[in-house]
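Q: Take this sequence and fold it.
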Amino acid sequence: MLTAGADLGVQVSLSLSTQAGHNFHNTDMSYVKKLCGTFLHGPKLPVRAAFAGDVNLPDSFDSREQWPHCPTINEIRDQGSCGSCWAFGAVEAISDRVCVHTNGKINVEISAEDLLSCCGFKCGMGCNGGYPSGAWGYWTEDGLVSGGLYDSHMGCRPYSIPPCEHHVNGSRPSCTGEQGDTPRCDRHCEAGYSPSYESDKHFGATSYNVPSSEEEIKAEIYKNGPVEGAFAVYEDFLMYKSGVYQHVSGGEVGGHAIRILGWGVENGTPYWLAANSWNTDWGDNGFFKILRGQDHCGIESEIVAGIPKTELYWKRI
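A: So this is what the prediction gives:
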């Protein structure tokens with residue numbers, strides 16, 4: 001059982017392939033649980049047809065290297081004191097895919113704020129957790145506007161929840177478990193931004209669950225760009241710093257959604273390469289690796305993706 005004020009820097013061992021840091025030291029566990037705001041085993045989208053057998057897949061792949069003209073693939077966001085990982089994993093992968101599918105002609109940060117605040121019960125409970133499948137369905141049905149990081153004044157609806165310090169030392173305010181109110185759905189862009197809210201919408205043509213197969217997930221990333229994944233987080237994951245994460249000990253904290261952008265092998269251990277939304281001083285500059293091919297912590301069972309409605313962009317170019 002997790003207790004408030006538990007020191008996650010002790011009483012947890014990590015596998016030999018993982019380097020531990022001292023993340024979330026003396027952090028209120030109610031906040032840590034809020035960070036893991038994804039409801040696992042929720043509603044599913046249609047599962048797309050298998051096509052991995054038609055693709056010659058490399059032993060390793062990194063979307064950052066494959067699509068260097070797409071800056072969002074390198075970006076690490078910060079969800080702040082809100083269980084909005086389900087929204088972040090979605091808008092990060094959608095942003096990447098817009099760039100990939102327009103051959104780098106359109107670079108946009110899709111708004112986590114818009115998805116978090118306006119999707120409503122289709123997606124779950126806002127800052128108190130949600131469903132990745134609902135996020136991708138909302139993109140195809142209702143569309144999402146642009147919006148950058150907190151205080152960036154980039155795009156139509158930038159993120160309104162400030163970043164916070166999850167660790168021992170840092171320049172940001174400490175994260176707390178007391179916040180977490182879902183922002184209000186405001187169907188207007190911030191002052192000074194044009195075009196209008198409705199004109200700024202980006203849509204998906206299709207959204208789907210990816211078959212729970214290592215090869216199909218690899219083929220999806222290789223062909224179409226990063227995907228959203230979700231898995232069960234345990235206490236030892238919070239301390240991850242580098243290497244390939246494998247759960248060894250510690251209680252389950254909750255479901256967590258992330259963006260998966262590649263795969264490889266490190267010291268003989270196969271891994272997925274993923275981006276978290278806990279800022280750049282968590283993990284390996286915000287990224288992490290997790291054991292691949294064994295559905296570790298359910299990582300291969302909750303993969304969601306979609307294809308942008310590219311005809312909207314060709315009219316703009």
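
Q: ok, which stretches of the stretch 201-317 of the chain are strands?
A: Applying DSSP state E, counting those that start in this stretch to the stretch 201-317 of the chain gives strands spanning 204-209, 227-234, 240-245, 252-266, 269-275, 287-291, 304-308.

Q: so which of those gets nearest G83?
A: strand 252-266 (8.3 Å; C-beta to C-beta). Glycine gets a C-beta too; all of them are placed from N, C-alpha and C.

Q: any idea of the mean pLDDT for that closest one?
A: Average pLDDT, strand 252-266: 97.

Q: Could you pull out the buried residues of that strand?
A: 253-264 (16 or more other C-beta atoms under 10 Å).

Q: In CSV, could you pull the C-alpha coordinates for that strand?
A: Taking C-alpha atoms only, strand 252-266 is exported to CSV below (Å, rounded to 0.1, in the frame of the first residue of the first chain):
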residue,chain,number,x,y,z
GLU,A,252,1.4,-0.4,-8.2
VAL,A,253,0.7,3.3,-8.4
GLY,A,254,-1.7,3.4,-11.3
GLY,A,255,-2.1,3.5,-15.0
HIS,A,256,0.1,5.9,-17.0
ALA,A,257,0.0,6.9,-20.7
ILE,A,258,3.1,7.9,-22.7
ARG,A,259,4.4,8.3,-26.2
ILE,A,260,6.4,5.4,-27.8
LEU,A,261,8.8,6.6,-30.5
GLY,A,262,11.1,3.7,-31.2
TRP,A,263,12.8,0.5,-30.2
GLY,A,264,16.2,-1.1,-29.8
VAL,A,265,18.4,-3.4,-27.8
GLU,A,266,20.7,-2.4,-24.9
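
Q: still on that earlier bit, any chance of JSON lines for the strands of the stretch 201-317 of the chain, columns distance to T72?
A: Shown next, in JSON lines, are the strands of the stretch 201-317 of the chain (distance: least, C-beta to C-beta, whole Å):
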{"stretch": "strand 204-209", "distance to T72": "16"}
{"stretch": "strand 227-234", "distance to T72": "14"}
{"stretch": "strand 240-245", "distance to T72": "23"}
{"stretch": "strand 252-266", "distance to T72": "10"}
{"stretch": "strand 269-275", "distance to T72": "10"}
{"stretch": "strand 287-291", "distance to T72": "14"}
{"stretch": "strand 304-308", "distance to T72": "13"}
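
Q: Quick one, which of the ones you listed gets closest to F39.
A: Nearest of the strands of the stretch 201-317 of the chain to F39, taken as C-beta to C-beta: strand 252-266 at 6.0 Å.

Q: What's the mean pLDDT across the top helix by length along the chain?
A: The longest helix of the chain (DSSP state H) is helix 85-101. Taken as a whole, helix 85-101 has a mean pLDDT of 98.

Q: Which strands and helices lie in contact with the helix or strand just after it?
A: Following helix 85-101 in sequence order, the next helix or strand is helix 112-118 (DSSP states H and E). Applying 3 or more C-beta pairs under 8 Å, 6 or more residues apart in numbering; DSSP states H and E, we find helix 112-118 packed against helix 85-101, helix 132-141.

Q: Would you mind finding the most buried of those?
A: Counting by mean count of other C-beta atoms under 10 Å, helix 85-101 has the highest mean neighbour count of those, with a mean of 29.

Q: tilt between that one and helix 132-141?
A: Counting by axes from the mean of the first three to the mean of the last three C-alpha atoms, to 10 degrees, helix 85-101 lies at 50 degrees to helix 132-141.

Q: and stretch 146-156, C-alpha only, in CSV?
A: Once non-C-alpha atoms are left out, stretch 146-156 reads as follows in CSV (Å, rounded to 0.1, in the frame of the first residue of the first chain):
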residue,chain,number,x,y,z
SER,A,146,-3.0,24.1,-31.5
GLY,A,147,-1.4,25.0,-28.2
GLY,A,148,2.1,25.0,-26.8
LEU,A,149,3.6,24.6,-23.3
TYR,A,150,2.6,26.6,-20.2
ASP,A,151,3.2,30.4,-20.6
SER,A,152,4.5,29.9,-24.2
HIS,A,153,1.8,31.9,-25.9
MET,A,154,2.2,29.5,-28.7
GLY,A,155,-0.9,28.3,-30.6
CYS,A,156,-4.6,28.8,-29.9
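
Q: Please identify the buried residues of that stretch?
A: Across stretch 146-156, burial judged by 16+ other C-beta under 10 Å covers 146-149, 154-156.

Q: can you list the residues that contact it?
A: The contact list for stretch 146-156 (C-beta atoms under 8 Å, 6 or more residues apart in numbering) reads 77-78, 80, 108-114, 145, 157-163, 189-190, 192-193, 197, 200, 202.

Q: Return the subset of the residues you listed lying in helices.
A: 112-114.

Q: could the residues you listed go into CSV alongside pLDDT and distance to A87?
A: Shown next, in CSV, are these (pLDDT from 0 to 100; distance: C-beta to C-beta, whole Å):
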residue, pLDDT, distance to A87
A112, 99, 5
E113, 98, 9
D114, 99, 9
